[in-house]
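Peer 1: Let's see this in three dimensions:
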Amino acid sequence: MARTGKRLKAAASGIDRQKQYELGEAITAIKGAATAKFDETIEMSLNLGVDPRHADQMVRGVVNLPHGTGKTLRVAVFAKGDKAEQALAAGADIVGADDLAEKVQAGQIDFDRVIATPDMMPLVGRLGRILGPRGLMPNPKLGTVTPNVTEAVEAAKGGQVQFRVEKAGIVHAGIGRASFAAEQLAENARSFVDAVNRAKPAGAKGTYLKRAHLSSTMGPGVKLEVASLVGANPAGQ
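Peer 2: Numbers count the residues shown, from 1 in each chain. Next up is the predicted model:
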């Protein structure tokens with residue numbers, strides 16, 4: 001613990017906690033402070049001017065990061081017949097129907113994303129109490145209930161990120177790894193911000209994007225200059 005404390009203190013020594021950093025400057029600082037013995041995840045957190053307790057202020061969506069996340073998701077697909085074969089060919093880790101439902105009910109949930117064809121939803125719906133609290137329930141709005149399982153699996157495997165605002169009005173996502181080039185992290189960050197801006201709900205009043213922070217898994221966090229995050233990023237469309 002002492003060594004960890006000293007490492008964190010050293011990593012934070014060059015960071016001004018009160019300053020609002022421009023995005024590029026923040027990425028340089030965070031990458032420099034990511035000194036753990038593994039490739040740390042770089043995470044972005046956004047404080048939004050919404051109250052998700054109200055249905056018309058819920059923020060939820062997906063974004064395909066142009067450079068991926070650096071993490072390989074395990075994907076489960078509920079499908080039968082040709083669709084099951086297509087899912088396997090696209091790289092799905094687990095594919096099934098009733099047999100997969102039995103595994104879920106038995107607590108065998110060794111996957112990070114669930115995709116289902118529309119005809120499987122009556123079956124998947126019965127698993128809502130298990131999948132829902134884990135954020136794994138397929139949803140048409142997120143592209144995880146679809147007849148096009150090939151596209152959905154490839155997107156999940158290719159760095160697609162799902163996001164959902166939490167009770168305190170905070171939405172966050174991993175935007176890459178410390179080993180990524182600064183330009184890659186910047187493009188991913190702007191793609192994430194653009195997606196959150198596009199998901200602005202009708203009930204949001206006043207300032208929508210209030211504050212932003214960037215951090216690494218084991219390192220300190222920095223405040224971001226919100227103005228440096230705004231702007232269309234074609235790569236993230």
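
Peer 1: C-alpha only now, for contacts and for neighbours.
Peer 2: Will do.

Peer 1: now the strands: where do they sit in the protein?
Peer 2: Applying DSSP state E to the chain gives strands spanning 20-21, 41-48, 60-64, 75-78, 94-96, 113-116, 160-164, 170-177, 209-216, 221-224.

Peer 1: Would you convert those into CSV that also reports mean neighbour count?
Peer 2: Formatted as CSV, the strands of the chain follow (neighbours: other CA atoms under 10 Å):
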stretch, mean neighbour count
strand 20-21, 20
strand 41-48, 22
strand 60-64, 19
strand 75-78, 26
strand 94-96, 19
strand 113-116, 27
strand 160-164, 19
strand 170-177, 23
strand 209-216, 20
strand 221-224, 23
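
Peer 1: Thought Leu214 was touching Arg17, still the case?
Peer 2: No: Arg17 is not in contact with Leu214 according to CA atoms under 8 Å; the separation is 11.4 Å.

Peer 1: hey, what's in contact with both of those two?
Peer 2: Gly221, Val222, Lys223 (CA atoms under 8 Å, 6 or more residues apart in numbering).

Peer 1: So which of these sits lowest on pLDDT?
Peer 2: By pLDDT, Gly221 ranks lowest within the shared contacts of Arg17 and Leu214, coming in at 91.

Peer 1: who's that one bridged to?
Peer 2: Counting by DSSP bridges, Gly221 forms beta bridges with Ser215.

Peer 1: residues touching it, list them.
Peer 2: Counting by CA under 8 Å, 6+ apart, Gly221 touches Arg17, Ile30, His213, Leu214, Ser215.

Peer 1: and if we set it to 7 Å?
Peer 2: Contacts of Gly221 were listed using CA atoms under 7 Å, 6 or more residues apart in numbering, and they are His213, Leu214, Ser215.

Peer 1: Now tell me which helix or strand of this structure has the poorest mean pLDDT.
Peer 2: Lowest by mean pLDDT, DSSP states H and E among the helices and strands of the chain is helix 2-12, with a mean of 51.

Peer 1: ok, Lys141 to Glu43 distance?
Peer 2: 24 Å (CA to CA, to the nearest Å).

Peer 1: what do you get for Ser216?
Peer 2: As defined by CA to CA, Ser216 lies at a distance of 6 Å from Glu43.

Peer 1: just to revisit the earlier point, and the shared contacts of Arg17 and Leu214 as a markdown table, adding distance to Lys103?
Peer 2: Converted to a markdown table, these look like this (distance: CA to CA, whole Å):
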| residue | distance to Lys103 |
| --- | --- |
| Gly221 | 39 |
| Val222 | 42 |
| Lys223 | 43 |
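
Peer 1: Tell me the one among those residues nearest to Pro118.
Peer 2: Gly221 (41.4 Å; CA to CA).

Peer 1: Tell me the buried residues in the longest helix anywhere in the chain?
Peer 2: When the chain is scanned for its longest helix (criterion: DSSP state H), the result is helix 182-198. Of all the residues in helix 182-198, those buried under the rule 16 or more other CA atoms under 10 Å are 182, 184-196.

Peer 1: for it, packing partners?
Peer 2: With contacts taken as 3 or more CA pairs under 7 Å, 6 or more residues apart in numbering; DSSP states H and E, helix 182-198 sits against helix 23-33, strand 170-177.

Peer 1: Any idea which of those gets closest to Gln57?
Peer 2: strand 170-177 (12.3 Å).

Peer 1: ok, the closest one: who's next to it in the sheet?
Peer 2: Here, using DSSP bridges, strand 170-177 pairs with strand 41-48 (antiparallel).
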